[in-house]
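Novice: give me coordinates for this.
(2 chains)
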Amino acid sequence: MVENAVHIENEKVRKALFELSDPEIPVLSIMDMGIIRGVEINGDKINIKLTPTYSGCPAMDTIATDIKLALDNLGFITDVDLVLSPAWSTDWITERGRQKLEEYGIAAPLEESMDKRALLHGERLVKCTRCGSTNTKMISQFGSTACKALFQCDDCLEPFDYFKCLK
Amino acid sequence: MKDQLYEYILMLGDNAMILGHRLSELCGHGPNLETDIALTNISLDLYGQVRSYFQYAAELKGGDATEDSIAFLREEREYRNVLLVEQANTDFAYVIGRQFLFDAFHLPLLEQLCNSADTQIQAIAQKSIKEIRYHHRFSSEWVKRLGGGTAESHTRMQEALNHLYPYTKELFTETEIEAAMRDNGKGADLALVKAAFDASVESVCNAVGLTLPEQMRNYDKGKYGIHSEHMGFMLSQLQYMQRAYPNMQW
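Specialist: Below is the predicted model:
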């Protein structure tokens, strides 16, 4: 966990960024997602460093525009830079982010070796977000977005997304 | 020197773009929903990588070059992709075979580029390799499933390999630009990439009794801009909007 990696002094800016979310996962703030790498305030200018989860994530442009709009509204001249290095991993998702994912119905990523066992060897390790059973199986290696795989619970039969571990 | 780096970036980006385009043609046409989604997700990953490469290329080129002008406004002869990625979506075994052979090359290539002396190539490789690992896993499993499935699926997978494998010779035929990039530590050493490629392709094929044809093709001029007849058709579709409405934006 790389928690609170970015420290933001300006309370208004902090609040505004926490209110923005990935349009594909509306419950998860971009801060909890761990995709904000830097916030630099210089007078009325503000520079945000944003990193993509997956390179082709179609939400990236929308997120950058949302950040610009929100901070421009606070009276800043906003600049958003895309940074690639160090590459994002699911370790950047905060503990609160993981909880929000689960509440929303997306199983949070397992630790790497467990993730491999679940995705590659069909072991029943991912917890159903509805009933909590681990009697679950993978339906599809790729889910509704690049970052997720599709699972189903064999106890309550609920189909759900699993956020894949990305290292 | 800067020109060589620019051309090298184009080689990396064009392979991802043309393969990404081929996969995007399958959107809504996959054999089942899960595979359809998987193939288009792979396409999306490749397009994401292309954007990173072409943004960098635009920076190197300077002037009014943008990622879009590089992607959409070059002539056919200026594209540097290998012929393998242009090959058609003949049937599902071809789609999987093409993906598998490319992934088996792409993965060890990026492993080396993760240590490139060029920091931007290094950053793109470190980002992309996680996605490519997943692609490689997906395509390897499908080769095994088709190769070890019914007599029909085995025959089709074998036919696809017979057609596609000979194109892999080009992947490892080093151009002057690739040699220069290997020497200055920015690019990959294709001999090492080939060793890893051979090992992974052989292990997957041996596991399900698929054989690799010995006869290789001498069509290896894709990196020099000499393409197969597929390329023109693909570019006319890819470039249509920018050609019809220059500088249009979404």
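
Novice: residues contacting the most centrally placed residue in chain A?
Specialist: In chain A, the C-alpha nearest the mean C-alpha coordinate belongs to A:M33, at 3.5 Å (CA atoms, centre = their mean). Going by CB atoms under 8 Å, 6 or more residues apart in numbering or on different chains, A:M33 touches A:S21, A:D22, A:I25, A:T53, A:W92, A:I93, A:G97. Every C-beta, even on glycine, is put in place using the N, C-alpha and C of the backbone.

Novice: repeat the analysis, applying 10 Å as the threshold.
Specialist: Taking CB atoms under 10 Å, 6 or more residues apart in numbering or on different chains, we find A:M33 in contact with A:20-22, A:25, A:51, A:53, A:63, A:88, A:90, A:92-94, A:97, A:100-101.

Novice: same question for B:T168.
Specialist: Shown in contact with B:T168 (CB under 10 Å, 6+ apart): B:82-84, B:101-102, B:104-105, B:194, B:197-198, B:201, B:212, B:216-217.

Novice: contact residues of chain A facing chain B?
Specialist: A:51-58, A:60-61, A:82-89, A:116, A:119-120, A:138-150, A:164, A:166-167 (CB under 10 Å from any CB of the partner chain).

Novice: could you give me the buried positions within the helix ranked longest in chain A?
Specialist: Assignment by DSSP state H gives helix A:59-73 as the longest helix of chain A. Buried residues in helix A:59-73, counted by 16 or more other CB atoms under 10 Å in any protein chain shown: A:A59, A:M60, A:I63, A:A64, A:D66, A:I67, A:K68, A:A70, A:L71.

Novice: run through chain B and note the low-pLDDT ranges.
Specialist: Along chain B, segments meeting pLDDT under 70 span B:1.

Novice: give the contact list for the closest residue to chain A within it.
Specialist: Here chain B gets closest to chain A at one residue, B:G48, 2.7 Å apart by CB to the nearest CB. Applying CB under 10 Å, 6+ apart to B:G48 gives the contacts A:52-58, A:60, A:146, B:16, B:20, B:124, B:127-128, B:131.

Novice: returning to what we had before: now the buried residues of helix A:59-73 in CSV, with distance to B:G222 and pLDDT?
Specialist: Putting those into CSV (distance: CB to CB, whole Å; pLDDT from 0 to 100) gives the following:
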residue, distance to B:G222, pLDDT
A:A59, 33, 86
A:M60, 30, 87
A:I63, 36, 95
A:A64, 34, 95
A:D66, 40, 96
A:I67, 40, 97
A:K68, 40, 96
A:A70, 45, 96
A:L71, 45, 96
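
Novice: which single one of these is nearest to chain B?
Specialist: Distance to chain B across those (CB to the nearest CB) is lowest for A:M60, with 8.3 Å.

Novice: what sits closest to that closest one if chain neighbours are left out?
Specialist: A:P52 (5.1 Å; CB to CB, 6 or more residues apart in numbering or on different chains).

Novice: cool, and B:S116?
Specialist: B:Q122 (4.6 Å).

Novice: hang on, the one you found packs against B:S52?
Specialist: No. Applying CB atoms under 10 Å, one finds B:Q122 not in contact with B:S52, separated by 11.7 Å.

Novice: okay, these two: which has more neighbours?
Specialist: B:S52 (26 against 17; other CB atoms under 10 Å in any protein chain shown).

Novice: helix or strand for that one, which one?
Specialist: Assigned by DSSP states H and E, B:S52 belongs to helix B:33-61.

Novice: the helix or strand that that helix is followed by and chain A, any residue contact?
Specialist: Following helix B:33-61 in sequence order, the next helix or strand is helix B:67-72 (DSSP H and E). No. Shown here: helix B:67-72 not in contact with chain A (CB under 10 Å from any CB), separated by at least 11.7 Å.
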